[in-house]
Structure formats: structure tokens, C-alpha cells
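Visitor: mind folding the following:
(chains A and B)
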Amino acid sequence: MLAWLEQFPLLAAGLAMLGLGGLFGALLGFAAVRFRSEGNPIADQINAVLPQTQCGQCGYPGCRPYAEAIANGEAINKCPPGGEAGIQALADLLDVEPIPLDDEHGEEAAAKTVAYIREDECIGCTKCIQACPVDAILGAAKQMHTVIASECTGCDLCVEPCPVDCIDMLPVATTLRSWHWPLPPADRSPADIIASDRDTAGGAAPSHDDNRDQAA
Amino acid sequence: MLADYSFLLIGAILVNNFVLVQFLGLCPFMGVSNKLETAMGMSMATTFVLTLASACSYLTYNYLLLPLNLGYLRTISFILVIAVVVQFTEMVVRKSSPLLHRVLGVYLPLITTNCAVLGVALLNINKSHDFAQSLLYGFGAALGFSLVLVLFAAMRERLAVADVPEPFAGAAIGMITAGLASLAFMGFAGLV
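Guide: Residues are numbered from 1 along each chain as shown, chains lettered A, B, ... in the order given. So this is what the prediction gives:
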């Protein structure tokens, strides 16, 4: 075989490269299946649950880093914007006990808010611009600043640096455009909910299994 | 025997350092040395790829190309081998350490074009190393690359906050530092 191939160097070269290519292709194909991964699946899922305010109140520079920290064992109760509902969702996702929000990192806002600058009081110091994690404040030194309401995540970080206290956090009014039909909790199969559970299904309702244990 | 191997290793790490003496693999050397952390990640990835690619290209050359008298195809087949090894490494790293994968980001595929990798494979053949020697030479080259990259990254972290005259700031002072480091490494000549 080898001796025969040596008579046709061109054929040998072609076959050798084809063989190599085929072999490596098969190897990579195998590796693609064997080492398949969707990023870091658990960190991605945690990140999807976090509110994406990028406010840094948890002590991490944003939601994604906090999601990774949680994936590596950080406590789940450091996200004030997510509130108790967020902690509950994280606890369900990670299969751990929900724990109360750590007030060291701030308190849960009652409603979604948006920053509003009282523009005639603004002295143009740019301090709130530097504090804003999502660049939602527009302005320049000694010019009036204003908030791009659609970009504001309501994280409160601009309120504290303002030397003249001209920033208010206003609750966002629900309009026809922004109202959403609340989604049913996705993590429960319908069979687990009985009619009287419906209102509390997402929260601290005793689960069906507990009832069964008590009955037994 | 052992002495030969250690000479080979020291030669590849210090005396004929691939970056500062042979001037191979300069793009990752300048590109990834801004932060110590990325430099370390890059070093680890390169060490893995270089050693593996060195062994694989030895096997390809001696058991496929030589028997078929296709020695002239070595460059292109080595490129193929290296590309596959890099791709494979990327998949393994992405699976095993997503954090490292994000730190390395675009640099991992860039190892493909790291000329040190191809250089080691071709030098192995020029120096007619056997399999163990090839493996060791690749590993030594990678260690040398890592050493220099990490040292240089540490220096550049300091340089970033140093009071450098404006015309020299940024990449320029990096180049000058690299030149000085290269001079220093030339001092190892004659060690082995």
C-alpha cells in the first residue's frame, strides 16, 4: 500500500491531508458533543432571575458577577431590587432554603421607581452621572442633568451623591403600555396547585407534600 | 540522560527563550500582558496547547508524513494539527472552567496564530528530536513563554501607574521594556 502510494506522490499528499482532515474533523465533532455546554448554565439561570438593575448594592459590580458569585456559594439574600420574590425564585432555582433579605445591602423598594431630577435645582455637578451604573443620566459639568426614564433601573445610587438633594425616586405609574398580565409561576406543575392555593402558589404556601405528610 | 533532558529544558526556558531571544509569539506577548490575571490564564492555555501540539505534530510528521515521503507538507499539516489542538482546548476549557474561558475570551483562538507553537513544531524536526525530547522541548518553550509573559505582565501593571513621559506612554514604554527584558535574557547565553 505504502509502496504503491509512493509512486503517486500527488495522490499520497491528497490522501494524507484528506485523512488528517477527516480524522481531526471526527475528533472535533466528538469533542463538540462530549464537551457540550451552554456557558455556565447555573450562573446563566441565576442571572436571568436577578433584576438586572446593575446597581451593585450586593457588593458586586453588577448582576452577572453576583450571579457567578451565587453559583460559587455566595448568599442569595443580597439583592434589594429583587426583594423577597427574587430570593424565593433563587431559592427555588438552587433548591436551598429562602432566607430574609440582608438589610446591610439596602431595603426592598415597595414599587418600581425611577429617578427624577428637579431640574431647576440641579447645579450640574455630574456626581450623579458618575454614580449611575447604567448611564441613564444625561448632562455635562455646569449644565442641567436629566434622567432617561426608560434607561433608569430605579437603583437609588444617584440619590446619595447629589449635594443639593434634587433627585427624587418616583414610583412608576402603570400605564396601558407598561402593564403586563402577571405570569403564573412557571416552576409549579398545575397538578400541584389546588384551588385554594392559587393566590399563594408563588409564595410561602405549604406545599402539597407537607400536607400529605401531616395526613399520614 | 537526565542531564540531557534538563539541559534541553533549561535551554528552551532561558537560553533560547522563545519570546525574548528567538522573538516568536510576540503578539500574545504584547497583547495579553496588560493584566497579570489574563497573562496567567494565557500562560496556562499556551502551556497546554504547546506541549500537546508539539507531541501531536511529532507523531504526524514521523508516522504519517515521513513514511509517505511528504516531508514538504509539514508546515501546512502542522497548522492543521495546531488549529485542531487549540479548538479542542477551547472546548475543554469552556466546559471545565467557564471563568477561565471568559477571561481568555478571544485570546484562546489566537493561540492558533501564535508563531511559537508552529516554531516549536518545526524546530523539533530541524533538531531531529525524538518523541520525549519533542514533548519536553514544547513544554520548556511553553514554560519560557509563561515565565516571560507573567514577568512582563507584572511589570506592565506597574508601568500603567508609573509617571512615564508622554511620548513614551502606553505601548511605546511596553516595547522599550520588552527590549530591555530581551537584553537581560540574552545574558543567559552560554549558560548551557
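Visitor: so which elements touch the longest helix along chain B?
Guide: Secondary structure of chain B per DSSP state H: the longest helix is helix B:131-161. Judged by 3 or more Cβ pairs under 8 Å, 6 or more residues apart in numbering or on different chains; DSSP states H and E, helix B:131-161 is in contact with helix B:2-10, helix B:26-31, helix B:36-60, helix B:115-126, helix B:171-186. From N, CA and C alone the C-beta is placed, and that goes for glycine too.
Visitor: now render the ones you listed as JSON lines, adding distance to B:F139, mean neighbour count and mean pLDDT.
Guide: Listed next are these as JSON lines, based on distance: least, Cβ to Cβ, whole Å; neighbours: other Cβ atoms under 10 Å in any protein chain shown; pLDDT from 0 to 100:
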{"stretch": "helix B:2-10", "distance to B:F139": "7", "mean neighbour count": "13", "mean pLDDT": "89"}
{"stretch": "helix B:26-31", "distance to B:F139": "17", "mean neighbour count": "18", "mean pLDDT": "86"}
{"stretch": "helix B:36-60", "distance to B:F139": "5", "mean neighbour count": "22", "mean pLDDT": "87"}
{"stretch": "helix B:115-126", "distance to B:F139": "10", "mean neighbour count": "21", "mean pLDDT": "91"}
{"stretch": "helix B:171-186", "distance to B:F139": "19", "mean neighbour count": "14", "mean pLDDT": "92"}
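Visitor: between those, which one is nearest to chain A?
Guide: With Cβ to the nearest Cβ, the closest approach to chain A among the helices and strands packed on helix B:131-161 belongs to helix B:36-60: 7.0 Å.
Visitor: please report the distance of the residue nearest the centre of chain A from A:C79.
Guide: Chain A has A:N47 as the residue nearest its centroid, 3.0 Å off, counting by Cα atoms, centre = their mean. Relative to A:C79, A:N47 is positioned 12 Å away (Cβ to Cβ, to the nearest Å).
Visitor: A:D168 too?
Guide: Computed as Cβ to Cβ, the A:D168 to A:C79 distance reads 23 Å.
Visitor: so for those two, which residue has more residues nearby?
Guide: A:C79 (28 against 12; other Cβ atoms under 10 Å in any protein chain shown).
Visitor: A:L157 versus the more buried one, what's the distance?
Guide: 14 Å.
Visitor: need the nearest residue in space to B:I10, chain neighbours excluded.
Guide: Sequence neighbours aside, B:V192 is the residue nearest to B:I10 in space, at 5.6 Å (criterion: Cβ to Cβ, 6 or more residues apart in numbering or on different chains).
Visitor: could you do B:V21 as well?
Guide: B:F185 (5.5 Å).
Visitor: ok now do the one you found, which residues does it touch?
Guide: B:14, B:17, B:20-21, B:148 (Cβ atoms under 8 Å, 6 or more residues apart in numbering or on different chains).
Visitor: likewise A:L94?
Guide: A:42, A:46, A:70, A:76.
Visitor: point out the least confident one among the residues you listed.
Guide: Lowest pLDDT among the contacts of A:L94: A:I42, with 76.
Visitor: hmm, back to that, and the residue nearest to B:I10, how many neighbours?
Guide: B:V192 has 14 nearby residues by other Cβ under 10 Å.
Visitor: show me chain A divided up by domain.
Guide: Split into domains by automatic domain parsing, chain A comes to A:41-105, A:109-179.
Visitor: and B:V92, which of the ones you listed is closest to it?
Guide: Nearest to B:V92, of all those, is domain A:41-105, at 16.8 Å by Cβ to Cβ.
Visitor: may I ask which helix or strand of chain A has the lowest mean pLDDT?
Guide: helix A:208-215 (a mean of 43; mean pLDDT, DSSP states H and E).
Visitor: enumerate the residues of chain A near chain B.
Guide: Residues of chain A that fall close to chain B, judged by Cβ under 8 Å from any Cβ of the partner chain: A:2, A:5-6, A:9, A:12-13, A:16-17, A:19-21, A:24, A:27-28, A:31-32, A:35-37, A:39-40, A:43, A:68.
Visitor: in helices, which of the residues you listed fall?
Guide: Counting by DSSP H, the residues of chain A next to chain B place A:2, A:5-6, A:9, A:12-13, A:16-17, A:19-21, A:24, A:27-28, A:31-32, A:43, A:68 in helices.
Visitor: number of residues surrounding B:N114?
Guide: So B:N114, with other Cβ under 10 Å, has 27 neighbours.
Visitor: what sits against the residue lying closest to it once chain neighbours are set aside?
Guide: Excluding the flanking residues, the one nearest B:N114 by Cβ to Cβ, 6+ apart is B:G25, at 4.9 Å. For B:G25, the contact set (Cβ under 8 Å, 6+ apart) comprises B:18-19, B:46, B:114-117, B:119, B:145.
Visitor: now do B:L191
Guide: Taking Cβ under 8 Å, 6+ apart, we find B:L191 in contact with B:10, B:14-15.
Visitor: again, but for B:F168
Guide: Counting by Cβ under 8 Å, 6+ apart, B:F168 has contacts B:I176.
Visitor: please redo it, this time with the cut-off set to 6 Å
Guide: Listed by Cβ atoms under 6 Å, 6 or more residues apart in numbering or on different chains, the contact set of B:F168 is empty.
Visitor: and it, how close does it get to B:G174?
Guide: B:F168 is 10 Å from B:G174, by Cβ to Cβ.
Visitor: need the pLDDT of the closest residue to B:P28 other than its chain neighbours.
Guide: Nearest residue to B:P28, sequence neighbours excluded (Cβ to Cβ, 6+ apart): B:N114, at 5.6 Å. What the model reports for B:N114 is a pLDDT of 83.
Visitor: what's B:N114 sitting at in phi/psi?
Guide: Note on B:N114: backbone dihedrals following degrees, to the nearest 10 are phi -70, psi 110.
Visitor: measure it to chain A for me?
Guide: 19 Å (Cβ to the nearest Cβ, to the nearest Å).
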